[in-house]
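Asker: Whatever this is, show me its structure:
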Amino acid sequence: MAVVVGVVFSQGGQVQQFDPDGLVLAWNERVICNTQRGREYGRVVQANHEAPVGAPHGVLKKVLRRASTQDETTRKRQREQAERGMKVFKAAARERELAVKPFSAEMTFDGGRVVVTFGAEERIDLRELAQELSRQAGFRLELRQVGPREGARLVGGGGMCGETLCCTRYPTHESPITLRMAKDQDVPMNPGRITGLCGRLRCCLAFEHPVYRSFRDRAPAVGRTVDTPRGRGVVRSYKVPLDSVVVRLEGEERDDEFVLDEVSETAR
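Answerer: Here you go, the predicted structure:
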């Protein structure tokens with residue numbers, strides 16, 4: 001079975017699988033990988049592991065090597081170039097009164113171009129501006145328009161939970177985010193509760209959904225009769241993060257909490 005590692009190339013980016021090519025890599029190590037866009041600098045988020053059976057990964061590209069001290073120096077210099085590219089784009093946007101929101105800028109590891117990412121209410125073609133700014137800056141400048149969710153991931157910030165935005169803190173999830181996920185987690189269908197700073201459904205709904213789905217597959221439904229270590233009762237509610245259920249025991253006037261493995265549904 002193939003051994004793979006998971007690598008991301010930007011903060012909160014999508015996890016991509018690579019052949020470690022004999023290297024034993026740990027979480028958070030920096031590596032240089034061969035990708036479709038050439039050599040790229042990435043971070044390991046999944047250490048060496050066996051690829052799932054039947055995973056549609058095709059022919060994997062390889063991790064070329066661990067990042068060196070020289071690579072770190074190169075990235076620092078490239079970040080400075082990217083900042084210069086962002087300043088050039090912002091100045092041009094102000095001068096032309098373009099209705100755009102600059103999000104981020106990054107130079108590719110091979111030094112071939114600086115990619116400036118921006119958002120706008122409507123689709124806008126800035127190819128001619130990119131060519132003009134490339135001549136002005138002295139390096140190739142690529143302008144890429146993205147949606148609100150991608151913009152929030154690139155900019156970062158604090159969520160309503162008080163923590164760093166999930167889309168920035170964790171690698172991108174593979175599941176599309178749906179209202180069903182909110183319903184399965186008993187989250188009120190209030191836009192203020194289910195939408196993030198980007199105005200889209202919150203990423204944490206997708207990250208936490210598997211836990212809730214697994215719990216509901218194992219737990220007796222609310223209203224069902226169950227046997228507990230303290231006697232028989234009726235399920236009143238759930239405490240999913242604690243993997244427990246709240247039960248009203250027969251003859252009692254208050255609810256008790258039991259770990260899910262302690263209760264079993266009974267026919268009545």
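Asker: Okay, strands next: where are they in the stretch 101-250 of the chain?
Answerer: Taking DSSP state E, counting those that start in this stretch, the strands of the stretch 101-250 of the chain run over residues 101-107, 114-119, 141-145, 225-228, 231-239, 244-249.
Asker: strands paired with the first one, and their directions?
Answerer: Listed by DSSP bridges, the sheet partners of strand 101-107 and their directions read strand 114-119 (antiparallel).
Asker: Of the strands of the stretch 101-250 of the chain, which is nearest residue 89?
Answerer: Closest to residue 89 of the strands of the stretch 101-250 of the chain, according to Cβ to Cβ: strand 114-119, at 4.9 Å. Glycine gets a C-beta too; all of them are placed from N, C-alpha and C.
Asker: contact partners of the closest one?
Answerer: 81-82, 85-86, 89, 93, 100-108, 137, 139-148, 150-151, 154 (Cβ atoms under 8 Å, 6 or more residues apart in numbering).
Asker: same thing with stretch 21-28?
Answerer: 5, 31, 43-48, 62-66.
Asker: repeat that for 6 Å
Answerer: 5, 44, 47, 48, 62, 63 (Cβ atoms under 6 Å, 6 or more residues apart in numbering).
Asker: Parallel or antiparallel, list what pairs with the helix or strand harbouring the last one.
Answerer: Using DSSP states H and E, residue 63 sits within strand 63-66. Strand 63-66 has its sheet partners listed here by DSSP bridges as strand 30-35 (antiparallel).
Asker: ok, then the element right after the strand it pairs with?
Answerer: strand 38-50.
Asker: okay, that following strand in PDB with CA atoms only?
Answerer: Presented in PDB, the C-alpha positions along strand 38-50 are these (Å, rounded to 0.1, in the frame of the first residue of the first chain):
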ATOM      1  CA  GLY A  38       6.500  23.800 -10.300                       C
ATOM      2  CA  ARG A  39       8.400  23.600  -7.000                       C
ATOM      3  CA  GLU A  40       6.500  24.900  -4.000                       C
ATOM      4  CA  TYR A  41       7.200  25.500  -0.400                       C
ATOM      5  CA  GLY A  42       4.700  23.700   1.900                       C
ATOM      6  CA  ARG A  43       3.900  22.500   5.400                       C
ATOM      7  CA  VAL A  44       3.300  18.900   6.400                       C
ATOM      8  CA  VAL A  45      -0.100  18.600   8.100                       C
ATOM      9  CA  GLN A  46      -0.400  14.800   7.800                       C
ATOM     10  CA  ALA A  47       2.700  12.700   8.700                       C
ATOM     11  CA  ASN A  48       3.600   9.500   6.800                       C
ATOM     12  CA  HIS A  49       0.500   7.300   6.600                       C
ATOM     13  CA  GLU A  50      -0.900   4.600   4.300                       C
END
